[in-house]
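> generate a structure from the sequence data that follows.
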Amino acid sequence: MLKSIAAIVILLASVSCGLLNPSAATETAKPAIAKGIVVEVEIKQGANLTQVAEMLAEKGIVDDAFAFRLYVQDQGKEKNLLPGTYRLITGDEYKNILNIITAGEKQVIYKLTIPEGFTLNQIKERIIADIPFVEPQELDSALDVNSYKDSYEFLSDNKTLEGFLFPKTYDITVKYTAKNIIEMLITQYQLETQPLDWSYAKVNNFSNYDILKVASLIEREAYIPDERPLIAAVIYNRLKIGMLLQIDASVRYALDKWEGIVTYDDLEVDSPYNTYKYAGLTPTPICNPGLAAIKAALAPADVDYLFYVVVDEKTHKHEFSKTFQEHVNATNQ
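Numbering: from 1, shown residues only. Below is the predicted model:
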């Protein structure tokens, strides 16, 4: 009898713990879904509040289905959920989410396209041009890397967001602040790069940030996809022997000059980004590279090239060489 009573007490205690702390009853916690991402969700005809809340929690729109249900009930809008397809932001405030799915409002979607290789300044200009409700001063504040260091560990030692604003086409609504937009670009970088194999960096004594710098150089130098791993190889081969990188794109970044040719006067600019004057990698990435360039930086071609030069101005095809004499010959073709 005593054993039976003890067993009941233990069972009740276990149930109580589960009720007070639902996560304690979960065997393995699901990985957190990044905030600030636009997700398309569908509320089906006849779906009740419990079903809607659980769907929103699964998509990362709300952090807790039970808490969201309580909020909706407290607002007296349990019967006001309208079926339809909605674009919602992960981690958004309950108030904003409820307003959308009860009003059935038609949201105006602004398309923001960030091309591979855009610099931070170019991204800023694109946002101002394409998203009419974002104020320049607000955007300047949102581009301060210090605002994100607590949320993104990989930014903790950096002085700029250059390189971390992932190029892609994004859907923007009027509910976005400038910071929401920048958070979305950073989060996309995190989502795209986390699954990559970064072992090349560790094996060769490079930091992940070094890899991003190399990727940015590749992005601005390579026009033909197959040449990305070859340009990566040239960069790493030069770094290994202490040779100046002598990359025109780094000089362009120093001068913010992306049109026209690089002149001999340009090569004289006194800047740590001038790889004709200063050895090693640039202080930061020189642009925001796409996934293909980052992958090339993590998997350079197994070749011993040290030089390359454009031999076709229309296609920007490069000729790669092992020796300086070969390079001179290719240049004179």
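> and the helices in this structure?
Applying DSSP state H to the chain gives helices spanning 2-20, 49-58, 65-74, 94-103, 120-130, 136-142, 178-193, 199-203, 208-221, 228-241, 248-255, 291-298, 324-331.
> for those, give me CSV that also has distance to Lys149 and mean neighbour count.
In this view, the C-beta of every residue, glycine as well, is placed from N, C-alpha and C. Shown next, in CSV, are the helices of the chain (distance: least, Cβ to Cβ, whole Å; neighbours: other Cβ atoms under 10 Å):
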stretch, distance to Lys149, mean neighbour count
helix 2-20, 34, 10
helix 49-58, 28, 18
helix 65-74, 28, 16
helix 94-103, 25, 16
helix 120-130, 16, 17
helix 136-142, 14, 14
helix 178-193, 11, 20
helix 199-203, 21, 12
helix 208-221, 14, 24
helix 228-241, 28, 20
helix 248-255, 24, 21
helix 291-298, 21, 22
helix 324-331, 43, 14
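> do you know which of those lies nearest Thr275?
The minimum distance between Thr275 and those falls on helix 248-255, with 4.4 Å, by Cβ to Cβ.
> quick one: low-confidence ranges for this protein?
The chain contains residues with pLDDT under 70 at 1-32, 104-107.
> so which residue is dead centre in it?
The chain has Tyr189 as the residue nearest its centroid, 1.6 Å off, counting by Cα atoms, centre = their mean.
> grab the nearest non-local neighbour of that residue.
In this structure, Tyr189 finds its nearest non-sequential neighbour in Phe166, 4.0 Å apart by Cβ to Cβ, 6 or more residues apart in numbering.
> next one: Thr187
Nearest to Thr187 is Ala34, by Cβ to Cβ, 6+ apart, at 4.3 Å.
> tell me how many other residues crowd the one you found.
By the criterion of other Cβ atoms under 10 Å, Ala34 has 19 neighbours.
> residues in contact with it?
Counting by Cβ atoms under 8 Å, 6 or more residues apart in numbering, Ala34 touches 60, 90-91, 187, 190-191.
> for those, which one is nearest Leu112?
For the contacts of Ala34, the closest approach to Leu112 (Cβ to Cβ) belongs to Thr187, at 14.2 Å.
> in contact with that closest one, which residues?
Thr187 is in contact with 34-37, counting by Cβ under 8 Å, 6+ apart.
> hmm, Glu162 and the residue nearest to the centre of the chain touching each other?
No - the criterion here is Cβ atoms under 8 Å, and Tyr189 misses it with Glu162 at 11.6 Å.
> tabulate the helices of the chain (JSON lines), appending distance to Asp265.
Shown next, in JSON lines, are the helices of the chain (distance: least, Cβ to Cβ, whole Å):
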{"stretch": "helix 2-20", "distance to Asp265": "72"}
{"stretch": "helix 49-58", "distance to Asp265": "58"}
{"stretch": "helix 65-74", "distance to Asp265": "61"}
{"stretch": "helix 94-103", "distance to Asp265": "53"}
{"stretch": "helix 120-130", "distance to Asp265": "22"}
{"stretch": "helix 136-142", "distance to Asp265": "31"}
{"stretch": "helix 178-193", "distance to Asp265": "35"}
{"stretch": "helix 199-203", "distance to Asp265": "36"}
{"stretch": "helix 208-221", "distance to Asp265": "20"}
{"stretch": "helix 228-241", "distance to Asp265": "24"}
{"stretch": "helix 248-255", "distance to Asp265": "10"}
{"stretch": "helix 291-298", "distance to Asp265": "29"}
{"stretch": "helix 324-331", "distance to Asp265": "20"}
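> show me the one of those helices that comes nearest Val309.
helix 324-331 (5.0 Å).
> tally of neighbours for the residue nearest to Tyr189?
23.
> how close does it sit to Leu120?
As judged by Cβ to Cβ, to the nearest Å, Phe166 and Leu120 stand 12 Å apart.
> cool, His318 as well?
Distance, His318 to Leu120, by Cβ to Cβ: 27 Å.
> cool, Thr113 as well?
Distance from Thr113 to Leu120, by Cβ to Cβ: 16 Å.
> next: Ile247.
Ile247 is 19 Å from Leu120, where distance means Cβ to Cβ.
> ok so, going back, of all the helices of the chain, which lies closest to Pro285?
That would be helix 208-221 among those, by Cβ to Cβ, at 3.6 Å.
> which helices and strands sit right next to that closest one?
Applying 3 or more Cβ pairs under 8 Å, 6 or more residues apart in numbering; DSSP states H and E, one finds that helix 208-221 contacts helix 199-203, helix 228-241, helix 248-255, helix 291-298.
> quick one, it and helix 291-298 angle?
If you take axes from the mean of the first three to the mean of the last three Cα atoms, to 10 degrees, helix 208-221 sits at 120 degrees to helix 291-298.
> how far off centre is helix 208-221?
Chain-centre distance of helix 208-221: 14 Å, with Cα atoms, centre = their mean, to the nearest Å.
> begin at 31, not 1, for the rest of this chat.
Yes, from this point I'll number from 31; that puts the last item at helix 238-251.
> let me know the angle separating that helix from helix 278-285.
Relative orientation of helix 238-251 and helix 278-285, computed by the same axes, to 10 degrees: 100 degrees.
> now do helix 238-251 against helix 208-223, angle only.
For helix 238-251 against helix 208-223, the angle by the same axes, to 10 degrees is 100 degrees.
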